[in-house]
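>>> just the structure for this:
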Amino acid sequence: MAMHIPLNTPLQQQIDEFIAEGASWLPPDLLRDLLSPIGQLITTGAAGKALKEGAQAPDFTLPTAQGLAVKLSDLLTQGPVVIAFYRGQWCPYCHLALRAYQQAVPQLQAGGATLVAISPQMPDHSKALAEKLGLTFALLSDRGNQVARAYGLVFTIDKALRRAYLRVGADLPTFNGTDAWDLPMAGTFLVDQSGTVRLAFVDPDFTRRLDPSVIVTRLNELKG
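Residues are numbered from 1 along each chain as shown. Here you go, the predicted structure:
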C-alpha cells in the first residue's frame, strides 16, 4: 500500500492514519494476528525490562549496510548518539518512523548528535531500505539481536502467528539470516558522551513511536 502522507505531519499522526487505512483493506483476522503481539508484550510487562534513563548504554560494534564497522564508544567521542531500534524493511511503521527521523537529521546534527538505526535484518535489506527512503544515517545490522538483547528489547513471535507475518511478506528468517523469529521492541535512546542514557522510549505497542521533536528538545536541554 502506498503512503501518501505529508512529511510535515507529526509522526504518530502519520502512523495512526496508516493504520486506519490498513484496517479498510486488510482482512480482520490478519490484522488481529499482526497486532496481537502488542497485547502479549503489555501483559508480560516486557517494556519494563528495557534499558532505562540513567543507565549506562552497552557498547557495541555493528556493520552498516555498506559493511563498515560502527562502534558506539567511537561515536560518543564526537558527541551524543541517538539509537533507534526498528523491526526491519518489511515493517511499514518503521518506514514512517525512519522517514521522520531523516527529516530531523539536520536538527540532530546541529545539536552535535549522531543518529544510527538498528535492526536484526541483513545488511542487503538495510541497504535497500536506505535507498528506498533516501536515508543518510547509518542502518546497522544486529544479526541475532545481540545488541537489542543487551538493551532489553527482544521478544519472539509465537508459532501460531508466524503464518500471518508470512502472509504480509514478513519472512523473518529470510530477512534476518537466522532461524529465529525474534524481534526488538521499537526503542529509541539518547546517549550522552559519558555513555549515560538521557532519554529512553520503549513502547510494547510497535505502532507507537517517539516523535523526533522530543529527541531534539532533550538534546537541546543537554546542551543548555
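
>>> show me what the longest helix anywhere in the chain is packed up against.
In the chain, taking DSSP state H as the definition, the longest helix is helix 92-110. If you count contacts as 3 or more Cβ pairs under 8 Å, 6 or more residues apart in numbering; DSSP states H and E, helix 92-110 packs onto helix 11-23, strand 81-85, strand 114-119, helix 123-133, helix 212-223. Every C-beta, even on glycine, is put in place using the N, C-alpha and C of the backbone.

>>> okay, the angle between the first one and helix 212-223?
Helix 11-23 and helix 212-223 meet at an angle of 160 degrees, taking axes from the mean of the first three to the mean of the last three Cα atoms, to 10 degrees as the criterion.

>>> low-confidence bits of this structure, can you list those?
1-8, 22-23, 224 (pLDDT under 70).

>>> can you pull up the most central residue in it?
residue 86 (2.1 Å; Cα atoms, centre = their mean).

>>> from residue 100, how far out is the closest residue to it other than its chain neighbours?
Nearest non-adjacent residue to residue 86, counting by Cβ to Cβ, 6 or more residues apart in numbering: residue 94, 4.1 Å away. Applying Cβ to Cβ, to the nearest Å, the value for residue 94 to residue 100 is 11 Å.

>>> repeat that for residue 178.
Distance from residue 178 to residue 100, by Cβ to Cβ: 29 Å.

>>> these two: who's more crowded?
residue 100 (22 against 15; other Cβ atoms under 10 Å).

>>> now for the residue lying closest to that one once chain neighbours are set aside, how many residues are close by?
Closest residue to residue 100 apart from its sequence neighbours, by Cβ to Cβ, 6+ apart: residue 11 at 4.3 Å. When neighbours are counted by other Cβ under 10 Å, residue 11 registers 22.

>>> contacting residues around residue 11?
Going by Cβ atoms under 8 Å, 6 or more residues apart in numbering, residue 11 touches 96, 97, 100, 209, 210, 211, 212.

>>> next one: residue 183
87, 88, 120, 145, 154, 155, 156, 157, 172.

>>> and the buried ones among those, selectable in ChimeraX?
Burial among the contacts of residue 183 is assessed by 16 or more other Cβ atoms under 10 Å; the matching ChimeraX selection reads:
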select :87,88,120,145,154,155,157,172
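
>>> got a markdown table for the contacts of residue 183, with distance to residue 186 and secondary structure too?
Output for the contacts of residue 183, formatted as a markdown table (distance: Cβ to Cβ, whole Å; DSSP: H, G, I helix; E, B strand; the rest coil):
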| residue | distance to residue 186 | secondary structure |
| --- | --- | --- |
| 87 | 7 | coil |
| 88 | 11 | coil |
| 120 | 12 | coil |
| 145 | 13 | helix |
| 154 | 12 | strand |
| 155 | 11 | strand |
| 156 | 16 | strand |
| 157 | 14 | coil |
| 172 | 15 | helix |
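
>>> nearest to residue 136, of the contacts of residue 183?
residue 88 (19.4 Å; Cβ to Cβ).

>>> what's the spacing between the closest one and residue 139?
10 Å.

>>> find residues that contact each of those two.
Shared contacts of residue 88 and residue 139, counting by Cβ under 8 Å, 6+ apart, come down to residue 119.

>>> beta partners for residue 201?
residue 188 (DSSP bridges).

>>> residue contacts, it?
Shown in contact with residue 201 (Cβ under 8 Å, 6+ apart): 187, 188, 189, 210, 214.
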